[in-house]
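**Student:** got a structure for you, letters missing:
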Ligand SMILES: Nc1ncnc2c1ncn2[C@@H]1O[C@H](COP(=O)(O)OP(=O)(O)OP(=O)(O)O)[C@@H](O)[C@H]1O
Ligand SMILES: Nc1ncnc2c1ncn2[C@@H]1O[C@H](COP(=O)(O)OP(=O)(O)OP(=O)(O)O)[C@@H](O)[C@H]1O
Ligand SMILES: [Mg+2]
Ligand SMILES: [Mg+2]
């Protein structure tokens, strides 16, 4: 027998609604997780370059610990292991307000924060040390130097690798289905359950992910152009190292 | 056709799960065994060998709810022998053998829970298995329940044990399996009437009547000879993996399925 | 003004400054030269404590750099530093490069800071480049912005570490001229350079360093015409011959 | 030997070489100077076709570079090129840097290639550095290895692009000496440099470029003492004054 | 917490899950190592193709990279597992499918790493090599790639670590890697905490020692 494709399953019944809801959940969890990851990554990435050893060690621990264990494991950790540690009322509130969503968001954000951190660190370290000294010697404090000079330059240098990693974050949000977050992959499976049409559902999933990723990649390229350091466009490729 | 392929290769490939005891699971010796595997091995294989005129070997691949239909469609497996409910919408894509097991959905709760059945779950957090028919029915019949879907049993059970959800719904037999395995079986209760009818059948490629005939004949001969019930006893009897005696009604149903020669 | 008292510095086991004693008076222009690796950069980098020292003492206007209660940031604001590699902030325009420190460290308002910056850009001869980004400036122009940036904090002392050695030959003079003007206005300056023409014309004193020590010190005249150490002679012969 | 016939080259809309006509004879040493961005590097990079040209013709020993049947790799083997930034292979020792091309391009056996390399290292004055990696050599030593590497292919022509401008002042002479020796032995050389002492002593002819054109050309004597174009005069005054 | 469940099943988890010896097709290492090696080889070609001057080499390589970086790996595995047999009308072995999917998918990422690595080598290096008479291929082989490789090590290792963890996604087609092995045991024993904690530690030990080794390698390969 050959498989008879029936694409109508993607728009008949509730499929369309499910897919839309899946896209929204995927975008929602990814956006929040991205913000968390960016904040954690920037802070810990910057801390990993400061001269004060205990702070550096703290940031290093964070990175090494979180990025070396599979995301799936972190999902379980934030969903199953963390809530029992919270005070009772908060626990109840969480369980009634999408604990799985927040756990998934934390898992993604903290995990990718560790990976962002690495990129930000190498971005900062690719800035010549004398740049830092130049800022200090005009009378800026260390904090101001980071705030106005080092981090703005580093951020521009690392936009391309960060863009890449952001796409990974988006794609990795699908792992959240293991803790019952109803994101896009979850919804394609849902369609499959209801219609027994696996190929159609998966094709829809693939195409939507591809479209989301390409859309974001295009956006990122625009941002990259906009924020590229004048005269340094060609150099950024090496910022990963 | 499937029969030609089996005749050519001498191999029957089935899709089974690794984690739904006692239907198909990996035991403590790391062997892949179970009720549905035994059915294929002891009932269907001999009939099949006779039919193609040479001994047929059994090969197993893992199938899960999202992969089982594609596995069939792509010829990777010839027969799905797992806890797959025979439904009308699935019959659009695949064909089913005779029903080899019957159960219905119930609820697993902590002892003393106010949940007594599908009528009392409004506003409650209910865990179900992703891709299962149960999740679908809950959605339709109890739209007020907060449904959470997990990809595998242990995750759902964990959520229940930790209080993330108030109850876990699945086919009664699966809940019984889970309860028996739980660290503290007495702390759990299976409640409610069957709110769904879940006949398990073996799935095969659509439109392959000859092969389906062989599979069904195998099962019917097993029922006729009583071997089917022996195998059931082995897994679900008092000394089996999961004690779950067959009710007289179901036994009658099985016998009636075996049409006369 | 600046005083080194038996200063020693090591990088690991490498002894880069060996018992340096030195006084630079207010308004004095001192040129430091010497072979590569002799410790010239290290010497002037110690002045605003970009490098810590292991023994001895450095005093700026009588304040000890080792004093734990010293406000290092405020001190650095008083000392301008110009690097060989310019080190302009690549993401900011020339104007923004200059106003950043006055605004953030001195809390001067933007219009005021921009007024100062405009004046400084004029002074270094590139009033029209305020809006340009570093990547679009020639090396000489970049270095002049860097000087303006340092001057914007109205420092009492200016330090230069080989400010012209990354420049194209034609552009060297532009920068040297700005530096000569500064010296003419009475700025206290310490300059690491091999531009002997500049040293001869502008310096009050020339130091020659080798292996972490100041082995020759004197007015330009005696330095060029009558160096006492054979090492200095050898060095001068090499760099003046081509 | 080398001949440019109305060569034009653009980078996008930037016209970097404008109708260059030039002949360099066998054994001739030509020095090219001029302001930054005037096209000096581009000019000599075209000779071994590191840069393509858009119109005109370049001939090496009568062979046209535009000829599609030309074996470019073989041609390049005959032309040694020494870069401002040395460009030694950082992952190979000095010896391996030198023997790589003879072994791979000329298929010379390793012992033979090493013998040649040893001789060349002696000739550039660093026979003891064979086993060192570039990172452990001073700039002057690196540049001498780079020259030895180019010479190992026994080129007929040597091209130098500002070979000393990335060097410390003391090390410049080491490299200039090696180059003078080469010139003395009759090597055909085109050298971009601002070392006017070297130009005066070694060059047969000096070219002055500005904005993609050769605007002055002559023997060192007439060039320095009697330049005809005002642009040349201005340039010379700037680079000779410091 | 009761770690006897780990002790009881440690042979299955390690031998079957991590190394791939046992009744099931599986093994994290058995998939990850060939996948990175083959993926890297393919990645070199893709990276080079992306740098090619001819558009009809460069553009397909670009499309390839953009496509596979835009699709979740699970989807790729799924497609290889179901669609290819459907088209070729022959069932493929799990291991072959999983390996092919990983190689094809990873090659897109590794190709980008190779490209960045090559671009990180100063242009002057290529010019220096060509001007001593090396052919473009020799230049690439003896001068550019050895240097690029060193520059790539950190990114490569990061990618290898990702791949190493991603092998768990092959469980969708029944490939029994470490995560799947833990899942199988968990299905039987229902002790998720102990089991997942244990595999987290195993993963951590493997990946952390990899990144340590990479740092050592990087230092050793830095001449001087
Ligand atoms: N951060 C550092 N760590 C270790 N050694 C260093 C460091 N900075 C400089 N050195 C070493 O200290 C010595 C003096 O360096 P310094 O930069 O002061 O020399 P310099 O006279 O300025 O030389 P140049 O003319 O090359 O700039 C050199 O041997 C140098 O290698
Ligand atoms: N790859 C390139 N793409 C675009 N423009 C270039 C490129 N290389 C050089 N140019 C431009 O071509 C012009 C001539 O460059 P060239 O490097 O030949 O100058 P030069 O005389 O060697 O200058 P310098 O003394 O600074 O080395 C300059 O304006 C330069 O900016
Ligand atoms: Mg220095
Ligand atoms: Mg040049």
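**Tutor:** All right, it came through fine. Keep in mind it's a predicted model, so treat the numbers as computed, not measured. Numbers count the residues shown, from 1 in each chain, chains lettered A, B, ... in the order given. Ligands and ions are numbered 1, 2, ... in the order given.
**Student:** so residue B:190 makes contact with residue B:108?
**Tutor:** Yes. Checked against CB atoms under 8 Å, the pair residue B:190 and residue B:108 is within contact range at 5.7 Å. In short, each C-beta sits where N, CA and C put it, glycine included.
**Student:** list the contacts of the residue of chain B at minimum distance from chain D.
**Tutor:** Per CB to the nearest CB, residue B:62 is where chain B lies closest to chain D, at 47.1 Å. By CB atoms under 8 Å, 6 or more residues apart in numbering or on different chains, residue B:62 lies in contact with B:15-18, E:173-174.
**Student:** of the residues you listed, which belong to strands?
**Tutor:** Counting by DSSP state E, the contacts of residue B:62 place B:15-16 in strands.
**Student:** with respect to ligand 1, which of the contacts of residue B:62 is nearest?
**Tutor:** Set against ligand 1, the nearest of the contacts of residue B:62 by CB to the nearest ligand atom is residue E:173 (53.6 Å).
**Student:** ends of stretch E:169-189, how far apart?
**Tutor:** 22 Å (CA to CA, to the nearest Å).
**Student:** does the helix or strand containing residue C:172 reach ligand 2?
**Tutor:** Using DSSP states H and E, residue C:172 sits in helix C:169-184. No. Using CB under 6 Å from any ligand atom, we find that helix C:169-184 stays clear of ligand 2, coming within 8.4 Å at best.
**Student:** quick one, longest strand in chain B?
**Tutor:** When chain B is parsed with DSSP E, its longest strand is strand B:94-103.
**Student:** show me what contacts the residue nearest the centre of chain A?
**Tutor:** Geometric centre of chain A, nearest residue: residue A:169, 3.6 Å, by CA atoms, centre = their mean. The contact partners of residue A:169, by CB under 8 Å, 6+ apart, come to A:30, A:33-34, A:37, A:108, A:112.
**Student:** give me every residue in chain A that's in contact range of chain B.
**Tutor:** With CB under 8 Å from any CB of the partner chain as the criterion, chain A meets chain B at residues A:1, A:3, A:76, A:79-80, A:83-84, A:91, A:95-96, A:99-100, A:177-180, A:182, A:186, A:189-190, A:192-199, A:202.
**Student:** give me the buried subset of these.
**Tutor:** A:3, A:76, A:79-80, A:83, A:91, A:95, A:99-100, A:177-180, A:182, A:186, A:189-190, A:192-199, A:202 (16 or more other CB atoms under 10 Å in any protein chain shown).
**Student:** before we move on, what SS does the residue nearest the centre of chain B have?
**Tutor:** In chain B, the centroid-proximal residue (CA atoms, centre = their mean) is residue B:83; its distance is 1.7 Å. Secondary structure for residue B:83, judged by DSSP: H, G, I helix; E, B strand; the rest coil, is coil.
**Student:** what pLDDT is listed against the residue of chain C at minimum distance from ligand 2?
**Tutor:** Ligand 2 sits closest to residue C:168 of chain C, with a gap of 5.6 Å, by CB to the nearest ligand atom. Predicted confidence (pLDDT) for residue C:168: 82.
**Student:** list the contacts of it.
**Tutor:** So residue C:168 contacts C:138-140, D:35-36 (CB under 8 Å, 6+ apart).
**Student:** buried subset of those as a PyMOL selection?
**Tutor:** Selection of the buried residues among the contacts of residue C:168 in PyMOL, burial being defined by 16+ other CB under 10 Å:
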select buried, (chain C and resi 138+139+140) or (chain D and resi 35)
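**Student:** for the contacts of residue C:168, work out which two are farthest apart.
**Tutor:** Between any two of the contacts of residue C:168, the greatest separation by CB to CB is 12.2 Å, found for C:139 and D:35.
**Student:** is stretch A:66-82 positioned near chain E?
**Tutor:** Yes. Judged by CB under 8 Å from any CB, stretch A:66-82 and chain E are in contact via A:67-73, A:76-77, A:80-81.
**Student:** adjacent strands (with direction) for the longest strand of chain B?
**Tutor:** strand B:198-205 (antiparallel) (DSSP bridges).
**Student:** how about whatever helix or strand comes next after the helix holding residue C:172 against chain D, any contact?
**Tutor:** The first helix or strand that comes after helix C:169-184 along the chain, using DSSP H and E, is strand C:188-192. No. Applying CB under 8 Å from any CB, one finds strand C:188-192 separated from chain D by no less than 11.9 Å.
**Student:** stretch B:76-88: which residues count as buried?
**Tutor:** Residues of stretch B:76-88 classed as buried: B:76-86 (neighbour count, 16+ other CB under 10 Å).
**Student:** now do stretch A:18-29
**Tutor:** A:18-19, A:21-23, A:25-27, A:29.
**Student:** and the residue of the stretch 151-261 of chain B that's closest to chain C?
**Tutor:** Closest point on the stretch 151-261 of chain B to chain C, by CB to the nearest CB, is residue B:151, at 45.9 Å.
**Student:** how deep is the closest residue in space to that residue that isn't next to it in sequence tucked in, by neighbour count?
**Tutor:** Spatially, and ignoring its direct neighbours in sequence, residue B:151 is nearest to residue B:130 (4.9 Å; CB to CB, 6 or more residues apart in numbering or on different chains). Neighbours of residue B:130 under the rule other CB atoms under 10 Å in any protein chain shown: 24.
**Student:** packing partners for the lowest-mean-pLDDT helix or strand in chain A?
**Tutor:** Lowest by mean pLDDT, DSSP states H and E among the helices and strands of chain A is helix A:88-96, with a mean of 79. Under the contact criterion of 3 or more CB pairs under 8 Å, 6 or more residues apart in numbering or on different chains; DSSP states H and E, helix A:88-96 touches no helix or strand at all.
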